[in-house]
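Trainee: Just the structure for this:
(chains A and B)
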Amino acid sequence: MSTVPGAPKGTTRAAARARPPAYIWVPSVAIAIAMLMPPVYLGVRAADAGTGVFDILLNVRTFDILVRTFALVGIVTAACVALGVALAWLTVRTDLPLRRTFTVLTALPLVIPSYLFARLLVITLGPKGTLQGWLEPLGVERLPEIFGLPGAALTLSLLSFPYVLLPVRAALLRSDPSLEEASRGLGRNGWTTFVRVTLPMLRPAVVAGALLVALYTMSDFGAVSLLRYQTFTWAIYIQYESLIDRTVAAALSLALVTLALTLLFLESRTRGRAEYFRASPGAARDAAVVRLGRWRWPAAGFAAAVVGASLAAPIAILLFWVVRGLGAGESLTLLWSNTANTLYVSVLAAAVAAAAGIPVAVFAVRYPSAASGAIERLTYVGFALPGVAVGLAFVFFALAVAQPIYQTPALLVFAYVVLFLPAAVGTTQASLRQVSPRLEEAARGLGKSAAQAFRLVTLPLLGRGVLAGAALVLLLTMKELPATLILAPPGFTTLATSIWSAETEAFFARTAMGALLLVLAATPPVLFLVFRERR
Amino acid sequence: MHPHPVSIRHLRPKLLLALVALIAGLTAAGCASDANDAGSLVLYSGRSESLVDPIIQEFAALTGIDVQVKYAGTASLAATLLEEGEKSPADVFYAQDPGGLGAVEGMLAALPAETLANVPEWARSPEGLWVGISGRARVLVYNPERVSESELPASIEDLTDPKWKGRLGWAPTNGSFLTMVTGMRALWGEERTRAWIEGMVANEAGIYRNNTTQVAAAASGEIDLGLVNHYYLYRFLAEEGESFAARNYHPSGGGPGALVMVSGAGVLATAPNGENARKFVNFLLSKVAQQYFASQTFEYPLVEGVLTNRLLTPLAEINRPDVALSDLSDLAGTTELLRSAGALP
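Mentor: From the prediction side, this is the model:
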C-alpha cells in the first residue's frame, strides 16, 4: 500500500498497457449486458409515451423533487461516512471495549427494512410518540415534526452506515501500518496522523461505501414514504403503486438512471490516479492497537449509542409487540420455510455477486481504459433503480428470451445480482487497489502464466474485500422486497415478504416475529465473516 | 504478507458447484409436483397472505388442488400481469380493489352467470369480468378523546371547514382512497370534487402512507380524524386491546365518504387451469369462505345468508351512496384531478 495519493508512477503501469485476458473481459462484458437490461426495458416502456415523455418529466414537479432528493442523499452520505469510518477505526484499530461484539452488531442494521424502521421511529419519536408520552408531565404537548427531511435522513443514516463500515474495515485490516507509525514517529499526534495518513489510505474504501449509500438513498421508498419526504423514487413508486402507470414510471426511472450516472461520472472524475498499494517491500502486519486512554469509555458510549438507536431500540419494540400479541391471543408460527427461502436465495446471490464482482473489479483496476471504467460504472445502475422497475424489467426479458427460468429462484437470484452487484464490485475494487501489481509481475517472472499469477497471488489477497462485498450483498438480499414480490415463484415467500404482508394489514406480533427472525438469520453469516477476517 | 491470507481460491469452485446443484434440484422438484390428480392453480393475490392464506389452504385441502400463490401488492401484480401478457402463468387475479382489476380487464375472461349471481349487482363488474368477494366500507377513523360524537361531520365535505385545519390525515396515494375519489367524481362532478381536494390541501391534511398508519396516528393523537377503510381498526383492537383510542364512523349524511367498495377476483383469459380457477372463485363465494371473511378479516360478506360480524355496523345501516362499479374505473381521471389540485406530484 501506502504510497500517499499522487506518488510517482513507475513500472507498475506496464500492466495498464497490456490487453486484458479473455477470462477478465468476457465475463465483464457479459455482466455489463445484464446490467443494461433494466435501462433498456425502461427505454422500451418510456417509448410508449413517444415525445410525451418530456411533458411527463415537466409535469411532475421534477425540479422540487430533484432538490429534495439531492439534499437527502448529501446528508445521509455524509452521516454514513462519519459513522462508518469512526466505527471501523474503533473496532479495528483501538482497544475499544467489546470490540468483536460491536463488530457484529454494527453490521446488522443493514438487514432491517427501512419502512419498518420508519414506522418504529414515528411510534417512538413522532409528534405523539412514546417520547412525547414520557415528556407530557413536563408540559410537552407535541414533539417537533419528525416528518420530512429529519426523519428520513435519520432513518436512512442509521440503517445505511454499514455500507461504509464494512469496506473500510476490510481496508483497515489489509493496510500497512508503517506509514502511520512513521507519522507518529515524526511527532504527529494521533488525530493528525488519522486525518493526514490513515484517511487518505482509506479513500477507495470510503468512496466505494459512500457511493453505495448515495445510490441506495436515491432508490429507497420505504423510509421516505412513511416519513413523507417526496423524493424521485417516491414519485416513481406512486406511478406504479397508485396509478399502475408503467409509462410515466419508466420515464421517471430513466431520469433517475441519468442522475445516478451523473453522480458516478463526477465521482470517477475526482478519483484521480493515486496508488494505494505498498511501493516497496514490507509486511502487511497487524497494526499496533491504539490506546484510547480516557476516551475509551466515551468511545464505547458512542458505539453503544449507534447500536442502540439502529438495532437495540427496534429489537426492543419488536419484542414488545411479540409479547403483547401473544398476550392478546395472537397465533404465531415460526416461519421456518420463509427463513430457509431467505437464506437460500441470499446466500446464492451473495456467492454469485462476489464471484461476478472479481472480473469487473480487476478489469477496472488493472486494465484502466474507457471501456473497463464504463463497465464498472454500469454495475451501479441497478442499485440506484427502484426494485419494482428492476423486477418488471426481468419479467419482460425472461418472457422474451428465457421463459424456462421465469418464475424460478434462478431468475430471482439473477435479479438480486443485478441489483446488488456494486456492493461486491466496490469492496473488491477497494481491496485490489491495495495489492501491488508487482506481486503478480514477480510471479510471472518466476514462470507462471498471467492466469496462474492472478489466481495464486492476487486472488488470495482480495479475500477480505470479496467477503465484505459478499456480506453486503447477503444482507441486502435478505431484506429485498419489491423485486422479490414480482419475481419470486408462486408459493415462494421470504421473511421480507411475510414481514411486509403482516405489516400492511396491521398484524403487529407477526410483523415483529418476522423481523426478529430476519435479524437472527443475518447473524450467523456476519459472525462467520468476523471470524474469517480475524484469522 | 499476512501469515494466513483469507483464501477464496478453494471456496469459489465449490460455491459454483453448490449453486448449479441447488438450481438443478429445485427445477426437478418443481416439475415433479405437477403429478396431482386434481391439478393445480396459480393464484396472484393482491390481498395479503396474513388475511387470505387460511382460506386458500382450506380450498386446497377440500379439493386436493395444488394451489401456488404469488403474493404482492395489487398494483404491482397488475403491472406484472400487463408485462406478462399472454404468457402469464396466472389463473386467477384476486385483487384488493376494483382499480387493480380494472387495469387488467382486457386480460380477463367473463365469469359464468351463476358465479356472478351470488353477489348483488353493485358488487360485480358490469361486463361480468370479475366479481366482488368481500365488502369494505370507507369510514372516518377518529380519536374519541379529541373528537366528540356530536362534532363528527355528516359528510366528508365538511372536512374542508377551517376548524379541521391541522387535525386531518389522508392517504392520497392509496388505492382505496383513489377509488373513493373516483366515486366522488361520479356523485359530485369534477368541480365539487376539485374544491374538496383543494380544501383538504388547504386544511393541511397529513399525507400518510396507507390506512394502517392513519389508524395508528389517530389513536396516538397525531391526528384527530383520518380517511380509511373500516377493517384495519379491528386488527389494532385485537392486539392493543379495547383501550386503543380510535373508533370508526360511517358519515351519517352518506356521500362518497360512506362508499362501500369490494375486493374482487377474476379469471385470466389465458388461464392454464381455467376449470380450477372458476372452482376457486366459486369457493370464495361459498358460505364457508364468506363466513371466514366476516369473522376473521372483519369484512362485509357479499353473499346472502351470511351474517355480518357483530362488531361492525350492518351494511343496511350505512348511508351508502349508489354508485355503479363501472363509475369507479376511471383511475387516470382521478389521479389527474388530484395532481392538478395539488394533492399528488
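Trainee: For A:Leu212, give its distance to A:Glu181.
Mentor: Here the criterion is Cβ to Cβ, to the nearest Å. By it, A:Leu212 lies 31 Å from A:Glu181. C-beta: built from backbone N, CA, C; applies to glycine.
Trainee: low pLDDT regions in chain B?
Mentor: B:1-36 (pLDDT under 70).
Trainee: burial count for the closest residue in space to A:Arg188 that isn't next to it in sequence?
Mentor: The shortest distance from A:Arg188 to any non-neighbouring residue, by Cβ to Cβ, 6 or more residues apart in numbering or on different chains, is to A:Arg196 (7.0 Å). When neighbours are defined as other Cβ atoms under 10 Å in any protein chain shown, A:Arg196 has 14 of them.
Trainee: Wait, a helix at A:Arg196?
Mentor: Yes. Counting by DSSP: H, G, I helix; E, B strand; the rest coil, A:Arg196 is found in a helix.
Trainee: Would you confirm that it contacts A:Ala182?
Mentor: No. A:Arg196 is not in contact with A:Ala182 according to Cβ atoms under 8 Å; the separation is 11.3 Å.
Trainee: More neighbours: which of A:Leu212 and A:Glu181?
Mentor: Each of A:Leu212 and A:Glu181 has its neighbours counted (other Cβ under 10 Å); A:Leu212 has more, 27 against 14.
Trainee: Determine the set of other helices and strands touching the helix or strand hosting that one.
Mentor: Per DSSP states H and E, A:Leu212 falls inside helix A:199-219. Counting by 3 or more Cβ pairs under 8 Å, 6 or more residues apart in numbering or on different chains; DSSP states H and E, the packing neighbours recorded for helix A:199-219 are helix A:62-93, helix A:149-160, helix A:162-174, helix A:232-241, helix A:246-271, helix A:381-384, helix A:409-432.
Trainee: In a markdown table, list the ones you listed along with mean pLDDT, distance to A:Val26 and mean neighbour count.
Mentor: Below are the helices and strands packed on helix A:199-219 laid out as a markdown table (pLDDT from 0 to 100; distance: least, Cβ to Cβ, whole Å; neighbours: other Cβ atoms under 10 Å in any protein chain shown):
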| stretch | mean pLDDT | distance to A:Val26 | mean neighbour count |
| --- | --- | --- | --- |
| helix A:62-93 | 93 | 34 | 20 |
| helix A:149-160 | 96 | 34 | 24 |
| helix A:162-174 | 89 | 27 | 28 |
| helix A:232-241 | 86 | 34 | 25 |
| helix A:246-271 | 84 | 23 | 19 |
| helix A:381-384 | 88 | 20 | 27 |
| helix A:409-432 | 92 | 17 | 28 |
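Trainee: Could you dump the ones you listed into CSV with distance to A:Leu520 added?
Mentor: CSV is the format used below for these (distance: least, Cβ to Cβ, whole Å):
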stretch, distance to A:Leu520
helix A:62-93, 22
helix A:149-160, 18
helix A:162-174, 17
helix A:232-241, 29
helix A:246-271, 33
helix A:381-384, 26
helix A:409-432, 21
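Trainee: Grab the longest strand from chain B for me.
Mentor: Ranked by number of residues, the top strand in chain B under DSSP state E is strand B:130-142.
Trainee: anything in that one near chain A?
Mentor: No. If you take Cβ under 8 Å from any Cβ of the partner chain as the test, strand B:130-142 misses chain A, and the best it gets is 12.0 Å.
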